[in-house]
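Q: Here's my sequence, what's the structure:
(2 chains)
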Amino acid sequence: MSDYSVIGKRVHNIDGTEKVTGSGKYTFDVVLPNMLYGKILRSPHPHAKILKIDTRRAKRLVGVKAVVTGKDTLGRKQGIWRRFPELCDEEILCRAKVRYIGDAVAAVAAIDEDTAEEALDLIDVEYEPLPAVFDPMDAIKEDAPQIHEGVELNININRHIEWGDVDEAFEKCDHIREDKFKCSSQAHVCMETHDAVASFGHNGKLEVWTSSQSSYYIQRLYADMLDMNESDIRVTNRHTGGGFGSKFELDSAQFCAAILSQKLCQPVKIVLTREEEFTATKRRTPMYYFLKLGAKKDGTMLAKEVRVITEGGAYTAMGATALYLTGFFSSFPYKYPNYRYDGYRVYTNTATTSAMRGFGAPQSTFVGESQIDMMAEDLGIDPVEIRRKNGMTPNYEVPGQAFIQSCGLHQCLDKIEEHIEKRGKLPPNHGIGVSAYGFMSGGIFNWFNTPYAFSAAVVRINIDGKVDVYTGTCDMGQGSNTTLAMICAEELGVRLEDVRMFSGDTGICPPDLGAWGSRQTLMGGNAVKMAAAECKQQLIEFTAAKMGVNIVYDLDIKDRWVHLVDRPERGVSYFDIVKEAIRGKDGVAIMGRGHYTPHRKGMISPAYSFGVQAAEVEVDPETGRYKLVNVTTAHESGTVINPVGIEGQLEGAIMMAGGYGFCEDQPMDEGKILNPSIADYKLIRSLDMPETDILEIDTYEPEGPFGAKEAGEGLTNPTAGAIGNAVYKAVGVRIYDLPITPEKVFKALKEKEKQQKKAKK
Amino acid sequence: MSYQCPVCNKVSNKSALDLARHMIGRGDKVHRDWINSKGFKYSELLALQFSSFGGEGFKSLAEVLEKEAKVKD
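A: Below you'll find the predicted structure:
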């Protein structure tokens, strides 16, 4: 039985009441005195020179207060890879050239949104359209148009990962497969679109309320772009209606609102429309994947070679990280003794591709898990067995890359095998596909070049015993504030309701890199735990002195009771001790500080989660139409802090990852996204959701707070692969490009029929 | 036997194929120019890696490197 009094309890999010009653305030709800409303004019061309922008007619419109263009900026280029200036390539408000349909060229501030919108039509922009290129395979040709000056063949960045002797190992293989796949794009579709209220004061300071995943990143990027001191910029993250990787770079709403506000010394609010959200923010990276896999007859995999070329879109953004991670996670979750990856990211005249939940791993998992099923079939081995034979185990070192401490992959495989057995003999045209995965608990890489600890927290105990936690982490709806409050309450020995969270406000919180790469539970959690422990130590020292206990006795705090560990009935009330301790400290509140930065944990992450998913589909062989019947996931994320939180993450992930595998895509015509609305962009909706089950596997991660690790993004990785494998099991057709739409299944079935007829003849 | 890159002198202890992979992977102007000077088109070699099986792009460059790269015993 668990010794924890808070951790592991099923609790609803601490801000849940505000959210479900509609009283929670998002950036969208912020209204300031004298606030103006901004709108952004965007390029209709995928690639063009800006010859002239005439804003005079717009400025004359009654109600318009300011119009800005690139000339009103310092002309700096932003990028989140700040250690590499050549990868900081986005002006946001373009001055000389636009590189995709949706690039911002001007912005207007007016007394209301309608007036601002009207003014956009009055801005005259003269363009000289340039030849454009949309596919990375075309963009690397010698005669392709050059999208960024000095970047020949449009190769933005390349990455190489290698260990062992791959060529030699392939020679020893009994069977080798070579396969090609194509992974599609996906939109984040946050409920709250990108938005910001920027208020530049006469005191030269900028205050911004914005929906973001990292207030600190936004603050720092503003400082770079506006040439201001970091401390003169306050970024506040209120409730955020989803991020999924789209909200930790400076975006056009944030930048344009600030430029307009700077010009007027008046607050300016910009909320992107849903169409802008689809066309002018970042998206998941489409990838061409080439895989070569070699194995012995018994299923032992000896070598894997991976080559990837990705559609980068117009700018670098977080795409360089996605390129590395897709290569790293292509080896997951298996022990390849020999592995080689070459990845290329290529600029194209399309909307920029960047981070999205899973960060390159949903792509690598789809292709890798499809191929491993094919390998299993070629060798006549059960799909679960081949995964078991090669799967990672605790204390495994990925050569030169990572060290994996806790790993419950094999327990997950056992659970999924049991689940498949329980489903019994399936009805005709049903199939169950399996997919295994792993993911990181926060990134070690510091391309942002922060001089700060990766996570930091301050805990303050007030005179009434209530506890305030200050952390730069951002709760974007994933429930991190609840998780961190639970960690604090457990460590300090108080109840969850005793803890108040203050997060994502650079004015009062210590810097934290924010919510990306599934880092907040482990990194933010360690910082909060350390800060709470420091407070607890002060209380214990004070209590020991007050009670005059024998020095050999240990004290602890549990459920608001400060007591002797060996004689729990001997103790004092936590509240009484807090009051007396504060008096004893000349009235100074009890405070603790905590921080966390991973050291000696490899190159990628301090910890990894693992899991196996089984998806069952039912396919109509006449039409190719299929439905997801059941998705069951065996998942291990170390100690579970909040079971309700994990269930929420899992169901959300199945909805998002199922959409990636099943129906979501962003088709384009000459760089124009053809489905930029919720009506046309096909999401999995509540009625399409399959029955879902989670089988939680018990593990303990030594690096995590109370043994916890990530449970946010990893769950997004397996579903597309599991669906692909399930469709194959059901009707015998393999789809190599995402999404696996009924149309593709139908065509593949027809082709299979044709081939069978041909064979019979 | 090891092979030395004719452009940047990086030494590969494995094979000419490995050196070819280095040169295509590096892909900067000086490496590209050297590759192009041998009658290849860098972009075509690169594209070949993503459109064909068997690593044909690497292999054809490796054949040239086998003859031309400085070899160290």
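Q: alpha carbons only for contacts and neighbour counts from here, please
A: Fine.
Q: name the element the residue in chain B that chain A sits nearest to belongs to?
A: Distance from chain A to each residue of chain B (CA to the nearest CA) is smallest for B:Ser43, at 5.4 Å. Element membership for B:Ser43, per DSSP states H and E: helix B:42-51.
Q: next one: that helix to chain centre, how far?
A: A distance of 12 Å separates the centroid of the chain from that of helix B:42-51, by CA atoms, centre = their mean, to the nearest Å.
Q: And that helix, what's buried?
A: Neighbour counts over helix B:42-51 (16 or more other CA atoms under 10 Å in any protein chain shown) mark B:42-43, B:45-50 as buried.
Q: Just give me the closest of these to A:Pro333.
A: For those, the minimum distance to A:Pro333 (CA to CA) is 23.9 Å, reached by B:Phe50.
Q: Pull the contacting residues for the closest one.
A: A:288-290, A:307-309 (CA atoms under 8 Å, 6 or more residues apart in numbering or on different chains).
Q: Buried subset of those residues as a ChimeraX selection?
A: Remark: buried members of the contacts of B:Phe50, expressed as a ChimeraX selection using 16+ other CA under 10 Å:
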select /A:288,289,290,307,308,309
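Q: leaving aside the residues next to it on the chain, what's closest to residue 45?
A: Because you didn't say which chain, this covers chain A. Residue nearest to A:His45 in three dimensions, not counting chain neighbours: A:Ile101, with 5.1 Å by CA to CA, 6 or more residues apart in numbering or on different chains.
Q: Hmm, no, I was thinking of chain B.
A: The shortest distance from B:Leu45 to any non-neighbouring residue, by CA to CA, 6+ apart, is to B:Gly57 (4.6 Å).
Q: pLDDT at that neighbour, what is it?
A: Here, the pLDDT recorded for B:Gly57 equals 82.
Q: Repeat that for the one 10 residues further on.
A: According to the model's per-residue confidence, B:Lys67 sits at a pLDDT of 85.
Q: contacting residues around the helix or strand containing it?
A: Counting by DSSP H and E, the element that carries B:Lys67 is helix B:56-68. Outside helix B:56-68, the residues that touch it by CA under 8 Å, 6+ apart are B:16-21, B:24, B:35, B:44-46, B:48-49.
Q: burial count for A:Gln756?
A: Counted with other CA atoms under 10 Å in any protein chain shown, the neighbours of A:Gln756 add up to 11.
Q: List phi and psi for it.
A: Here the main-chain torsion angles of A:Gln756 (degrees, to the nearest 10) amount to phi -70, psi -40.
Q: Mind giving me the packing neighbours of the helix or strand harbouring A:Leu325?
A: Assessed by DSSP H and E, A:Leu325 sits inside helix A:319-329. Helices and strands touching helix A:319-329, by 3 or more CA pairs under 8 Å, 6 or more residues apart in numbering or on different chains; DSSP states H and E, are strand A:155-163, strand A:301-313, strand A:338-347, strand A:353-354, helix A:361-379.
Q: In contact with the residue positioned nearest the centre of chain B, which residues?
A: Taking CA atoms, centre = their mean, the centroid of chain B lies closest to B:Ala20, which sits 2.3 Å from it. When contacts are counted by CA under 8 Å, 6+ apart, B:Ala20 touches B:58-59, B:61-62, B:65.
Q: Next, count neighbours for the residue nearest to A:Val578 when sequence neighbours are not counted.
A: Nearest non-adjacent residue to A:Val578, counting by CA to CA, 6+ apart: A:Gly465, 6.0 Å away. Neighbour count of A:Gly465, defined by other CA under 10 Å: 20.
Q: rewinding a little: what residues of the helix holding B:Lys67 count as buried?
A: Under the neighbour-count criterion of 16+ other CA under 10 Å, helix B:56-68 has B:57-59, B:61-62, B:65-66 buried.
Q: now that helix against helix B:42-51, angle please.
A: 130 degrees (axes from the mean of the first three to the mean of the last three CA atoms, to 10 degrees).
Q: what sits opposite A:Leu206 in the beta ladder?
A: Here A:Leu206 sits in beta bridges with A:Phe200, A:Ile233, as judged by DSSP bridges.
Q: show me what contacts it?
A: Neighbouring residues of A:Leu206 by CA under 8 Å, 6+ apart: A:198-200, A:232-234, A:258.
Q: out of those, which are buried?
A: A:198-200, A:233-234, A:258.
Q: Just the buried residues of stretch A:438-449, please?
A: Within stretch A:438-449, the residues scored as buried using 16+ other CA under 10 Å are A:438-444, A:448.
Q: ok, back up a step: is it true that the residue nearest to the centre of chain B lies in a helix?
A: Yes - B:Ala20: assigned to a helix according to DSSP: H, G, I helix; E, B strand; the rest coil.
Q: Roughly how far does the nearest residue to A:Ser435 once chain neighbours are set aside sit from A:Ile372?
A: Nearest in space to A:Ser435, with sequence neighbours left out and distances taken as CA to CA, 6+ apart, is A:Ala722 at 4.9 Å. In this view, A:Ala722 and A:Ile372 are 11 Å apart by CA to CA, to the nearest Å.
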